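>>> when you get a sec, could you give me coordinates for this:
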Amino acid sequence: MSESLSSAETLEYTTPEQEQAAKGANTPDPYDMDLADINPVNAHLFADNRWAPVFERLRAEDPVHFNELKTSGRYWSLTKYEDIKAVDADWERFSSAQGITLGFPIDAELPPGMITGSAPSFISQDPPTHDSQRKTVNGVVSPRNLQNMEPLIRERTCKVLDGLPENETFDWVENVSIELTTLMLATLFDFPLEDRRKLTRWSDVVFAIPAPGGIVETQAQKREEFMDCVNYFARLWEERRENPGDDLVSMLVHGEATKDMAPLQHLGNLLLLIVGGNDTTRNSMTGSVYALNKFPDQYDLLIEKPELIPSFVPEMIRWQTPLAYMRRTANQDVEVNGKQMKAGDQVLMWYLSGNRDESVFEKADDLIIERPNARQHLSFGFGLHRCMGNRLAELQLRILWEEILVRFDKIEVQAEPTRTLSSFVKGYTSLPVKLKRKQA
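Prediction:
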């Protein structure tokens, strides 16, 4: 999903998130700051779960908010639902071709020491390139294919849930969310099951901020792991070129719009599919357990009325918003909600803020299973870039809770989760829980 897989060998370059994260976790209360000083890309706001007041103030006082960083230049934060929706739908004036995360444009002259391996995915493209590449792999999530996959998803979900320990604390992220999503990814790629955790690792590395003790410690390590990914899939390309199947790798290798790409060029689309299939569903699976514990009346309602699971799923995805924002780049001077943007300015559409917009979602901070307009959430994006795997994500979450409710009395959270140090992926790295099985 990354639009540019660039790495630095020196300290002369840092990413926008690194620049903000380096300022530490001691960011003051947003209501004690000058409005101009508020910068929502500080990853500590998300790791410490302190992001909500930031966006609450921006929605109320400055819904089209300007910032500038030395690492990324000018950018605007859209925090109101209607502004986000309008820009997301307007691909002619707001382009994806310069990347989907805050940072250097794909074709920019990079700072000294920057080693680039640019690998755009189809989400980082505008029509017609976007349409032709997306069409190549879209069949894997067609309604018919999802119907065919449902028995396998259910079988694996049952096996994972039946293997969980009872009356002892364990990590839901590691034992359930990662395992289920990684098994699904391995199936979609026809990836060797014994190596499936490599997919999880590569997904985690994509947006990791290099830091001591972090997912990766240096940019050089990050680049090395990306090359492991490239080399592994290069072997799969050659295998599927000779012996194609119905998997995503075969579709990319033989698709008219993608078959002539070199392995490094394929990497952008691969990482898009890996992150889209792993991070988003995995964090919604974890968030669902956490949210129901935060709103126990809603947990009781779901237990009492399991037929509400189809309503719970979109509301859960709204509440969690597993990808916090997407970026566009203004193709021309343009006005948005009274603010004048310049051609080349970056525009961050903060989906998680639009999903908490009280003018659209009443009591937006609450999980409300019977919310009548939950399906209007922005978590999957809007317009031609709407997430192609949205139905698969909903299917996995629905099956998970159908099987949970027939097995367990309740899943009880034992402590606050640890969260991802990222302002892009809004996720969890661990969630300690304990469960008790239903008596026969």
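>>> the stretch 51-200 of the chain: helices as residue ranges?
In the stretch 51-200 of the chain, the helices defined using DSSP state H, counting those that start in this stretch lie at 52-61, 81-89, 129-138, 143-162, 172, 178-189, 197-206.
>>> what's the most buried one of those helices?
Per-stretch averages of neighbours, counted by mean count of other Cβ atoms under 10 Å, single out helix 172 among the helices of the stretch 51-200 of the chain, with a mean of 25. Bear in mind the C-beta positions are built from the backbone N, C-alpha and C, glycine included.
>>> ok so, going back, with distance to G245 added, can I get the helices of the stretch 51-200 of the chain in CSV?
Formatted as CSV, the helices of the stretch 51-200 of the chain follow (distance: least, Cβ to Cβ, whole Å):
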stretch, distance to G245
helix 52-61, 44
helix 81-89, 34
helix 129-138, 13
helix 143-162, 13
helix 172, 33
helix 178-189, 10
helix 197-206, 17
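>>> out of these, nearest to F382?
Distance to F382, taken as Cβ to Cβ, is lowest for helix 81-89 among these, at 4.2 Å.
>>> could you give the angle of that closest one to helix 52-61?
90 degrees (axes from the mean of the first three to the mean of the last three Cα atoms, to 10 degrees).
>>> what does stretch 309-318 contact?
284, 287-288, 291, 302, 355, 361, 367-371, 374-375, 377, 379-380, 393-394, 397-398, 401-402, 405 (Cβ atoms under 8 Å, 6 or more residues apart in numbering).
>>> what is the mean pLDDT for it?
Stretch 309-318 comes out with an average pLDDT of 97.
>>> please apply the same query to stretch 80-98.
Averaging pLDDT residue by residue across stretch 80-98 gives 91.
>>> how long is that stretch from one end to the other?
23 Å (Cα to Cα, to the nearest Å).
>>> that older thread, return the members of the contacts of stretch 309-318 classed as buried.
Neighbour-count burial (16 or more other Cβ atoms under 10 Å) applied to these gives 284, 287-288, 291, 302, 355, 361, 367-369, 371, 374, 377, 379-380, 393-394, 397-398, 401.
>>> just those: which are in helices?
284, 287-288, 291, 302, 393-394, 397-398, 401 (DSSP state H).
>>> and those residues, which is the shakiest by pLDDT?
Comparing those by pLDDT, A393 comes last, at 85.
>>> surely that residue is in contact with S284?
Yes - counting by Cβ atoms under 8 Å, A393 does reach S284; the two are 6.7 Å apart.
>>> count the residues that sit near K434.
Neighbour count of K434, defined by other Cβ atoms under 10 Å: 16.
>>> mind listing what L180 touches?
156-157, 160, 281-282, 285, 396, 400.
>>> just give me how far the strand or helix carrying K436 sits from the chain centre.
Under the criterion of DSSP states H and E, K436 resides in strand 432-437. Strand 432-437 has its C-alpha centroid displaced from the chain centroid by 26 Å (Cα atoms, centre = their mean, to the nearest Å).
>>> low-confidence ranges, the protein, go.
1-26, 104-143, 145-146, 207, 256-260, 262-269, 272, 276-278, 383-389, 440 (pLDDT under 70).
>>> which parts of it are strands?
7-8, 64-69, 73-78, 94-95, 114-115, 170-171, 325-330, 334-336, 339-341, 346-350, 408-413, 418-419, 428-430, 432-437 (DSSP state E).
>>> so which of these comes closest to A208?
Across the strands of the chain, A208 has its closest neighbour in strand 428-430 (10.9 Å, Cβ to Cβ).
>>> partner strands of the closest one, parallel or antiparallel?
strand 418-419 (antiparallel) (DSSP bridges).
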